[in-house]
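> Kindly generate the corresponding structure for this input.
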Amino acid sequence: MSNTDSVVREIRINPIVPSESVLVSTARGMRPRKEEAPAPRDTRKHVDRCPFCSGNEHMTPPTVASWPGDEHWQVRVVENLYPVLADNSPSGNLVFGLQQAIDGYGRHEVIVDHPEHGIALQEMSEEHLFCLTGMYRDRIRALYAADERIQYVLVFKNFGPAAGASIPHTHSQVIAMPVVPENVYNEVLHSRQYYEKHRQCIFCSLIDEALTFEATIYDRESGSVRRQISVGQYVIERGRHFVAIKPFASRYEWEIHILPLEHQSDFIDVGDEQRRDLARVLKRAMARLDAVIGGAQYNFFLHSLPHSKAYADSVASYHWHLEICPRTSIPTGFELGSGLFVSTISPEDAAAQLRAVELD
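This next block holds a predicted model:
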């Protein structure tokens with residue numbers, strides 16, 4: 001029986017971070033609501049007043065890095081004019097009673113993904129995406145090497161106003177911070193606990209399940225078949241080295257994760273052959289999203305093993321990955337109050353729609 005044949009109401013537990021749950025409630029998608037078409041994407045190639053368009057380099061801070069060179073760049077890195085963390089010397093931590101704070105030092109950089117103003121990821125060539133992911137790797141490596149106080153470097157992308165993008169020109173951001181974010185800490189902690197018990201990376205186990213697992217789920221009362229989970233049901237795209245998966249406990253209705261098929265804990269260890277396959281899988285996954293939901297506004301972020309010595313024992317248990325989270329709805333009071341994500345489409349149906357897209 002397909003999920004489209006019946007209403008699904010399930011609370012699914014995230015196997016990576018068990019305290020994070022998702023309520024799949026397809027009935028919520030049937031409630032009356034005013035549908036607003038997404039604002040049309042700015043597809044112009046050049047905007048005179050855009051600081052990130054080629055020819056406007058004087059409107060930004062100086063170039064930190066570029067590819068292939070400053071004069072005819074295809075990818076360019078500059079410092080953020082409005083950084084969330086500043087490259088200053090810490091003056092000491094503040095503690096009074098139960099309250100405590102540490103200095104917000106670090107680095108905040110902008111990666112201009114492409115010289116064309118309105119180009120989307122799925123419209124970029126695989127060669128360009130290969131170079132863009134290479135810049136991600138190089139900036140992570142450089143920021144860790146520049147300051148031993150840095151505990152974590154996060155690469156992320158906000159695309160569209162609903163995802164928090166303040167400038168429409170396609171760009172990514174890199175933030176080096178003095179703390180390990182809680183969500184990354186929880187992923188590392190629980191994956192290490194799983195490894196200690198099963199002697200295998202939980203991400204590798206999930207990939208194996210996604211590629212090989214079959215199950216039939218029965219209704220307790222009637223004994224009838226409620227749902228069948230088949231081989232590849234959650235796989236959106238697969239390459240030689242990477243796989244794009246729709247998580248079983250998806251927080252966002254069209255969420256996709258991209259992971260290396262072979263175990264690898266740190267993104268900066270990714271090789272050139274791997275990155276070429278990553279570029280292909282990323283481009284095709286984004287093309288599928290765009291074909292199904294159209295004009296997707298999204299956040300994506302790269303989770304990799306922290307470089308602090310405290311995490312050296314997690315190399316075998318943690319698996320770096322890219323999380324793509326389209327913003328198709330606004331969190332409600334229930335979600336904010338309960339901490340429970342709500343999805344109005346089953347991940348199985350979402351995956352089926354994404355897989356059905358015919359690509360060249």
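
> what's the spacing between residue 126 and residue 289?
Distance, residue 126 to residue 289, using C-beta to C-beta, to the nearest Å: 17 Å. Heads up, the C-betas are built off the backbone N, CA and C, glycines and all.

> of the two, who's got more company?
residue 289 (23 against 16; other C-beta atoms under 10 Å).

> and that one, that's in a helix?
Yes. With DSSP: H, G, I helix; E, B strand; the rest coil as the criterion, residue 289 is part of a helix.

> Touching, it and residue 254? I think so.
Yes. Taking C-beta atoms under 8 Å as the definition, residue 289 is a contact partner of residue 254 at 6.0 Å.

> Touching, residue 79 and residue 109? I think so.
Yes. Under the contact definition of C-beta under 8 Å, residue 79 touches residue 109, with a separation of 5.8 Å.

> got any residues that touch both of the two?
Common contacts of residue 79 and residue 109, defined by C-beta atoms under 8 Å, 6 or more residues apart in numbering, comprise residue 64.

> Compare neighbour counts for those two and give me the winner.
Counted by other C-beta under 10 Å, residue 79 and residue 109 do not tie: residue 109 has more neighbours, with 22 against 15.

> Which helix or which strand is home to the closest residue to the more buried one other than its chain neighbours?
Using C-beta to C-beta, 6 or more residues apart in numbering and skipping residues adjacent in sequence, the residue nearest residue 109 is residue 174, 4.6 Å away. Here residue 174, judged by DSSP states H and E, is contained in strand 171-177.

> which residues touch that strand?
Contacts for strand 171-177 (C-beta under 8 Å, 6+ apart): 52, 77, 80, 84-85, 106-113, 132, 136, 139-140, 143-144, 146-147, 150-158.

> Now which of these would you call buried?
Neighbour-count burial (16 or more other C-beta atoms under 10 Å) is assigned, among the contacts of strand 171-177, to 52, 77, 80, 85, 106-113, 132, 136, 139-140, 143-144, 150-158.

> Sort out which of those residues are in strands and list them.
Using DSSP state E, the subset of the buried ones among the contacts of strand 171-177 located in strands is 77, 107-112, 152-158.

> I'd like the residues you listed laid out as JSON lines, including pLDDT.
JSON lines is the format used below for those (pLDDT from 0 to 100):
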{"residue": "77", "pLDDT": "98"}
{"residue": "107", "pLDDT": "94"}
{"residue": "108", "pLDDT": "96"}
{"residue": "109", "pLDDT": "97"}
{"residue": "110", "pLDDT": "97"}
{"residue": "111", "pLDDT": "98"}
{"residue": "112", "pLDDT": "97"}
{"residue": "152", "pLDDT": "97"}
{"residue": "153", "pLDDT": "97"}
{"residue": "154", "pLDDT": "98"}
{"residue": "155", "pLDDT": "98"}
{"residue": "156", "pLDDT": "97"}
{"residue": "157", "pLDDT": "96"}
{"residue": "158", "pLDDT": "94"}
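
> Closest one of those residues to residue 320?
residue 155 (10.8 Å; C-beta to C-beta).

> Bridging across strands, which residues link to the closest one?
residue 174, residue 302 (DSSP bridges).

> Thought residue 136 was touching it, still the case?
Yes. Using C-beta under 8 Å, residue 155 is in contact with residue 136, at 4.9 Å.
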